[in-house]
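S.K.: Predicted structure and sequence below. I'll ask about it afterward.
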Amino acid sequence: MIRIIFLGPPGAGKGTQAAVISEEFSVPHISTGDILRAAVAAKTELGQKAATYMDAGELVPDDLILDLIRNRLNEEDASKGWILDGFPRNVSQANFLDKLLAEISQPCECVLNLEVPDDILVSRLLARGRKDDNEDVIRNRLEVYRQQTEPLIEYFRNRQQLVSINGHQPMDAVAAELKQVLQA
């Protein structure tokens with residue numbers, strides 16, 4: 001059974017690698033962005049609440065994200081395992097997740113942290129060609145990551161759950177290293 005969390009800065013390859021691992025181990029890749037978009041598209045109560053923030057260009061509040069995660073982890077396909085990508089984003093969300101996973105008897109096995117130097121991240125993100133991805137915006141996103149999400153690295157390291165992987169190598173090499181860790 002695979003129950004893992006992917007950490008890493010924007011552009012580290014979390015989504016790409018989570019998709020590979022999801023297929024390899026037949027467990028759902030749970031991305032908070034995907035959950036939000038699906039809830040909005042389905043016009044669920046939570047989705048409608050989230051849409052009001054998203055339409056205004058604001059971050060969706062933690063309590064709504066937490067409710068969406070709770071609902072998603074209680075779905076049938078997640079009972080066999082899961083990969084969380086983009087959640088938790090901060091230590092308070094990690095504390096909530098601990099309580100939720102204990103409540104639903106689905107402990108996290110490990111936290112995989114993809115490490116990539118900032119200059120490489122900037123190059124990767126610029127190469128995606130998204131209209132909102134210019135160097136200043138990207139460097140700001142990296143700074144927000146450092147302030148809000150990077151403390152999770154120490155949080156999970158202190159719990160002996162963290163495994164760091166060099167994300168600055170060919171995609172297949174990263175995938176092979178991740179599979180090796182998960183099969184150990």
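M.R.: Yep, that arrived. Numbering: from 1, shown residues only.

S.K.: rest of the way, CA atoms for contacts and neighbours
M.R.: Fine.

S.K.: where's residue 141 relative to residue 10, distance?
M.R.: To residue 10, residue 141 is 7 Å away according to C-alpha to C-alpha, to the nearest Å.

S.K.: The two: which is more packed in?
M.R.: residue 10 (20 against 15; other C-alpha atoms under 10 Å).

S.K.: secondary structure class for the more buried one?
M.R.: Going by DSSP: H, G, I helix; E, B strand; the rest coil, the secondary structure assigned to residue 10 is coil.

S.K.: Look at it and report its pLDDT.
M.R.: pLDDT, residue 10: 90.

S.K.: Would you mind pulling the contact partners of the helix or strand encompassing residue 49?
M.R.: Assigned by DSSP states H and E, residue 49 falls within helix 45-55. With contact meaning C-alpha atoms under 8 Å, 6 or more residues apart in numbering, helix 45-55 is reached by 36, 37, 38, 39, 40, 41, 59, 60, 64, 67, 68.

S.K.: Mind checking what helix or strand follows that helix in sequence?
M.R.: helix 62-73.

S.K.: Export whichever helix or strand comes after that next one to PDB, keeping only CA atoms.
M.R.: Using DSSP H and E, the next helix or strand after helix 62-73 towards the C-terminus is strand 81-85. The C-alpha trace of strand 81-85 is given here as PDB (Å, rounded to 0.1, in the frame of the first residue of the first chain):
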ATOM      1  CA  GLY A  81      -3.500   4.200  -1.200                       C
ATOM      2  CA  TRP A  82      -2.800   7.600  -2.500                       C
ATOM      3  CA  ILE A  83      -0.300  10.200  -3.500                       C
ATOM      4  CA  LEU A  84      -0.800  13.800  -2.200                       C
ATOM      5  CA  ASP A  85       0.600  16.500  -4.400                       C
END
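
S.K.: got the buried residues for the helix holding residue 49?
M.R.: 46, 47, 48, 49, 50, 51, 54 (16 or more other C-alpha atoms under 10 Å).

S.K.: Residue 37 is in contact with residue 68, correct?
M.R.: No: assessed by C-alpha atoms under 8 Å, residue 68 is found out of contact with residue 37, at 11.1 Å.
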